[in-house]
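**Q** Below are the sequence and a predicted model; questions follow.
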Amino acid sequence: MNKILSILIIISLFTGCLGNSGSDDINNCLITTDDFEDIWEISGNYNTFSSPHAADLNGDEILDIVIGTGMEIPAKGSIIAINGENGNVLWEFDTGQEMFSSAQFEDLDGDGELDVILGGRGHQLKAIDGQSGDLIWSFDSNNSERGKWFQFYTGQFINDIDDDGIADWLTSNGGDPTKAPNDDRENGYLMILSGGSGELLGVADTPDNMETYMSPIVYKPHSSMETQILFGTGGETWHGSLWSTSIEAILNGDISNATEIVSPVNNVEKGLISTPTILDLTNDQILDIVVTMFDGRTIAINGSDFSIIWEVDAKEYAENGTAQNTETWATPAAGYFTQDSTPDIFVHYIIGEWPQYTSFWTAQIDGLTGTISWMEETKHISAASPLAIDLNGDNLDEVIMIRGMVEFNENEPNNPELSHEVLIWNPCDNSNSLIFNRAGISVASPLIVDIDGDGDLEMITTSSSSFDSPTGTWKMYRTDLNIPSPSIITWGAYMGNNYDGIVNTR
């Protein structure tokens, strides 16, 4: 009998109870999936690790979907836009490198229509005309400001700096995938580019001379406070911190005076990879910060003075408090999982140390107190960010989860069988329930939004046929949930509904 090793990789979480109850009582937590309907699927070359983002690109008042695709070796990739109504390709732009970040949208050429910026490996950063798929500009890697450029992560638009009437672009650049885990790494950069031309307006080295993987956040805690830029340093095997700086400092090329908000643990070579979540936890109308450090800590930070509100260390709970290492790439989801007015936090951590993992720990943290309201430990591994949305009108958010399985057969160790399933976790009874199971792995957060404006929710998910095969393919699926969209979707996409890290609060 062949020996099968199953490694479950949880990618994103979708909470709720599933069932076939016909009750109209809004206090009934059951959600029926009988009306969930697969509308279309589409496939293409390469893999995708880019979480889908959406905007109306063709003017039909239906949201279209943009992702990056590709593979690291051999270097291939593209940016592709999919018609949200029927799944047809609107356009595809070849990049020659894997494009793993997520799309952002803005009018970059002054025609009044939305365009796309998306980055990835091999110092690739592209601005694409949203209607035609033509190139507007590409980052000039021959720029002499630095001798070497790295990977581009999901950025944010900022106010027009160069007075061309077009919003400009803040991003981070760092990480060298050619390095072994404990090799020395070169420092990363924060960068500001012209949204209209791609011209480099400012670049600054990280203040601790460490690499960077975190997508930066434009952070304005309150209308009366200054705009700040949040960024992270360090990685899987190098220490780092959460920092705050200003746009002016980046433009001046010097962020050495950045404020260190969260410091590394002494003698622990782990930094910050996941993007923080921004929300008001203290009910003072000032936005606070929740960050999941790669060393196992989830930390809530007061936006008024950067003091610690609460801190949870996964190692103190995983494996009954005996876990030596817990790590995460996942941005925490915020949702209303209890009856109070403060949003709560949903996190998951991998037990073990990269790249050797053994199991998975997930938890709901009370946003007001920092106490763990619920936790679960399984032989799963999670890499992507959960979502949170009220699916049944009970005023509690459910959470969306994609769980992948890799089965290695000892007779064909280089040909693993891959599959994934989409689950719902429900805070009313802490249950996990299955929506569907499909072939391939899924390593990007889904998107849940009213795509066609009919008042009901749709879900976009993606999958890849392999981790790194040169003949790999990706798929995208649209599933109509036929559930009325709540008035506020708390956390319906990677980096939130507005793709800026800020939670939609009630």
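**A** That came through, no problem. Keep in mind the model is a prediction, meaning the values are calculated, not measured.
**Q** residue ranges with poor pLDDT in the stretch 301-450 of the chain?
**A** For the stretch 301-450 of the chain, applying pLDDT under 70 flags the ranges 381-382, 406, 408-414.
**Q** can you do 50?
**A** Scanning the stretch 301-450 of the chain for pLDDT under 50 picks out nothing.
**Q** Straight-line length of stretch 306-320, end to end?
**A** 31 Å (CA to CA, to the nearest Å).
**Q** In it, which residues are buried?
**A** Neighbour-count burial for stretch 306-320, counted by 16 or more other CB atoms under 10 Å, picks out 306, 309-310, 312-315, 317-318. (Each C-beta comes from the backbone N, C-alpha and C, glycine too.)
**Q** Work out the gap between that stretch and the centre of the chain.
**A** Here the centre of stretch 306-320 is set off from its chain's centre by 21 Å, with CA atoms, centre = their mean, to the nearest Å.
**Q** I figured Asp254 hits Val203, correct?
**A** No - taking CB atoms under 8 Å as the definition, Asp254 is not a contact partner of Val203, at 10.3 Å.
**Q** Comparing these two, which shows the higher neighbour count?
**A** Higher neighbour count among Asp254 and Val203: Val203, with 18 against 14, using other CB atoms under 10 Å.
**Q** That one: what's it in contact with?
**A** Listed by CB atoms under 8 Å, 6 or more residues apart in numbering, the contact partners of Val203 are 145-146, 189-192, 250, 253.
**Q** roughly how far apart are it and Ser138?
**A** Distance of Val203 to Ser138, computed by CB to CB, to the nearest Å: 17 Å.
**Q** Check Trp149 too.
**A** Distance from Trp149 to Ser138, by CB to CB: 12 Å.
**Q** okay, the two: which has more neighbours?
**A** Of the pair Trp149 and Ser138, Trp149 is the one with more neighbours under other CB under 10 Å, namely 21 against 14.
**Q** residues in contact with the nearest residue to Asp60 once chain neighbours are set aside?
**A** Spatially, and ignoring its direct neighbours in sequence, Asp60 is nearest to Glu85 (6.7 Å; CB to CB, 6 or more residues apart in numbering). Neighbouring residues of Glu85 by CB under 8 Å, 6+ apart: 60, 62, 452.
**Q** Repeat that for Trp310.
**A** 299-300, 369-370.
**Q** swap in Asp305?
**A** Contacts of Asp305 (CB under 8 Å, 6+ apart): none.
**Q** and if you look at Thr245?
**A** If you count contacts by CB under 8 Å, 6+ apart, then Thr245 has 190, 204, 207, 228-229, 231, 255, 257-259 around it.
**Q** out of those, which is most surrounded?
**A** Of those, with other CB under 10 Å as the count, Phe231 tops at 33 neighbours.
**Q** partners of the host helix or strand of Ile261, with directions?
**A** Here Ile261 sits within strand 259-262, counting by DSSP states H and E. Partner strands for strand 259-262, per DSSP bridges, with pairing direction: strand 242-245 (antiparallel).
**Q** Tell me the helices and strands packed up against the very next helix or strand once past the partner strand.
**A** Note on strand 242-245: by DSSP H and E, the next helix or strand toward the C-terminus is helix 247-251. With contacts taken as 3 or more CB pairs under 8 Å, 6 or more residues apart in numbering; DSSP states H and E, helix 247-251 sits against strand 189-193, strand 200-205.
**Q** out of the buried residues of stretch 306-320, which are inside strands?
**A** 309-310, 312-313 (DSSP state E).
**Q** Out of the residues you listed, which two sit at the greatest distance?
**A** Ile309 and Asp313 (14.8 Å; CB to CB).
**Q** if we can go back for a sec, filter the contacts of Trp310 down to the buried ones.
**A** 299-300, 370.
**Q** Would you reformat those residues as CSV and include secondary structure and distance to Asn498?
**A** Formatted as CSV, those follow (DSSP: H, G, I helix; E, B strand; the rest coil; distance: CB to CB, whole Å):
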residue, secondary structure, distance to Asn498
Ile299, strand, 23
Ala300, strand, 21
Gly370, coil, 26
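**Q** give me the number of residues near Gln124?
**A** Using other CB under 10 Å, Gln124 has 25 other residues around it.
**Q** Correct me if wrong: it contacts Leu135.
**A** No - at 11.7 Å, Gln124 does not count as touching Leu135 under the criterion of CB under 8 Å.
**Q** Please point out which parts of the helix or strand hosting His420 sit buried.
**A** Element membership for His420, per DSSP H and E: strand 412-426. By neighbour count on 16+ other CB under 10 Å, the buried set for strand 412-426 is 416, 418-426.
**Q** For the stretch 51-200 of the chain, which residues score under the pLDDT cut-off?
**A** Using pLDDT under 50, nothing in the stretch 51-200 of the chain is flagged.
**Q** Show me the residue at the heart of the chain, geometrically.
**A** The centre of the chain sits closest to Tyr494, judged by CA atoms, centre = their mean, with a distance of 3.9 Å.
**Q** And Thr479, how far from Pro74?
**A** To Pro74, Thr479 is 33 Å away according to CB to CB.
**Q** Please say which of those two ends up with more neighbours.
**A** Thr479 (22 against 7).
**Q** What are the neighbouring residues in contact with that one?
**A** 36-39, 435-436, 458-461.
**Q** which SS class is it?
**A** Secondary structure state of Thr479, per DSSP: H, G, I helix; E, B strand; the rest coil, is strand.
**Q** Quick check: pLDDT value at it.
**A** pLDDT, Thr479: 97.
**Q** what do you get for the one 4 residues further on?
**A** At Ile483 the predicted local distance difference test score is 95.
**Q** who's in contact with it?
**A** Counted by CB under 8 Å, 6+ apart, Ile483 has contacts 31, 35, 391-392, 456-457.
**Q** related to what we said a few turns ago, which one of the helices and strands packed on helix 247-251 is the most hemmed in?
**A** When the helices and strands packed on helix 247-251 are scored by mean count of other CB atoms under 10 Å, the highest mean neighbour count falls to strand 189-193 (a mean of 25).
**Q** Could you list every helix and strand that that one packs against?
**A** strand 168-174, strand 200-205, helix 247-251.
**Q** Ile217 is nearest to which of those?
**A** Nearest to Ile217, of those and by CB to CB, is strand 168-174 at 9.3 Å.
**Q** That closest one to strand 200-205, inter-axis angle?
**A** Calculated by axes from the mean of the first three to the mean of the last three CA atoms, to 10 degrees, strand 168-174 forms an angle of 30 degrees with strand 200-205.
**Q** Remind me what strand 168-174 packs against, helices and strands.
**A** strand 151-152, strand 156-158, strand 189-193.
**Q** how about the ones you listed in a markdown table, adding distance to Val268?
**A** Formatted as a markdown table, the helices and strands packed on strand 168-174 follow (distance: least, CB to CB, whole Å):
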| stretch | distance to Val268 |
| --- | --- |
| strand 151-152 | 24 |
| strand 156-158 | 29 |
| strand 189-193 | 24 |
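**Q** right, and those strands - which one's nearest Pro343?
**A** Comparing these by CB to CB, strand 156-158 comes nearest, at 21.6 Å.
**Q** Neighbouring strands - and their directions - for the closest one?
**A** strand 168-174 (antiparallel).
**Q** Could you check how far the partner strand is from the centre of its chain?
**A** From the chain centre to the centre of strand 168-174 is a distance of 16 Å (CA atoms, centre = their mean).
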